Structure formats: structure tokens, C-alpha cells
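Student: Let's see this in three dimensions:
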Amino acid sequence: MSARLDCPLCAAVVVEAADDITPGACPGCGARYEGGEGSAPDAVAAALVALGADALDAGEVTDAVFRLTPTDSAERGVAITSDARDDFYRWWLFVRPGPDGDVVAVLSAL
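Tutor: This is a model prediction of the structure:
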């Protein structure tokens, strides 16, 4: 199985031709990406736990991220996207850390 993931914030290729994708950071903009689930809400819930932001409501964060335009996403540093793979794709939440390195503050500002 071959998988590819592009950063929705800066368009950098994050992972290409991988057997599987593991969470990490974008080589282009430094955004952390987490999730890897079969649905967007499940990916956001998993990402919030991994990012230490599980006190936030996953449904509200999912809704807020999907309401952002691409320009808004780039400005706020938060976006969601799916990867491309040979079988059923997975969803990923990208969060660029704020100036102090805090991703929870970035998500809370949604």
C-alpha cells in the first residue's frame, strides 16, 4: 500500500510512497499532524488526545476547522485533510504551533 500526505497549510509533501503514515511534523512549516483515522471527527478526537488538548470538544473543533477557508486555515495555522493511498484514506489534523510553541492555544482560539 502506498500513501501520500501533503500539508494543507504550506503544500509541502509530508510523506510520500509510505507503507503507512505516522504522526509527526511538516518539513515545510513545522505544523504537527496527528489523527490517522477513517473519519474526520475520529481523527480530530485522536489528534486532540495526542496534542494534549483533549479538554476541547472534538465535535466543536471538527466543525470549526471545516468552516475555515484555505486562507483562514493558513492564517490560523489549523487545517484538516485526508491522505491519498491505495485503499481507504485517513484523515489528519495539522496544527502549526503558536509563537510560544503551544498548539493547545491555537486550537482553543478556534
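
Student: SS state for residue 41?
Tutor: On the three-state scheme (DSSP: H, G, I helix; E, B strand; the rest coil), residue 41 is labelled helix.

Student: Give me the most central residue, the chain.
Tutor: Closest residue to the average C-alpha location of the chain: residue 93 at 1.6 Å, with Cα atoms, centre = their mean.

Student: who's in contact with it?
Tutor: The contact partners of residue 93, taken as Cβ atoms under 8 Å, 6 or more residues apart in numbering, are 33-35, 43-44, 47, 65, 78-80. Where you see a C-beta, it was placed from the backbone N, CA and C, and this is true even at glycine.

Student: Check what pLDDT it gets.
Tutor: On the pLDDT scale, residue 93 is placed at 98.

Student: Could you shift the numbering so residue one becomes 29, and keep it that way?
Tutor: From this message on, residue numbering opens at 29, which makes the last subject residue 121.

Student: what's the following helix or strand after the helix or strand containing it?
Tutor: Residue 121 belongs to strand 119-123 when assigned by DSSP states H and E. The C-terminal neighbour of strand 119-123 among helices and strands, as given by DSSP H and E, is helix 131-136.

Student: Pull the residues that contact stretch 52-60.
Tutor: 35, 37-40, 42, 51, 61, 79, 105, 122-125, 131.

Student: What's the local residue count around residue 31?
Tutor: When neighbours are counted by other Cβ atoms under 10 Å, residue 31 registers 19.
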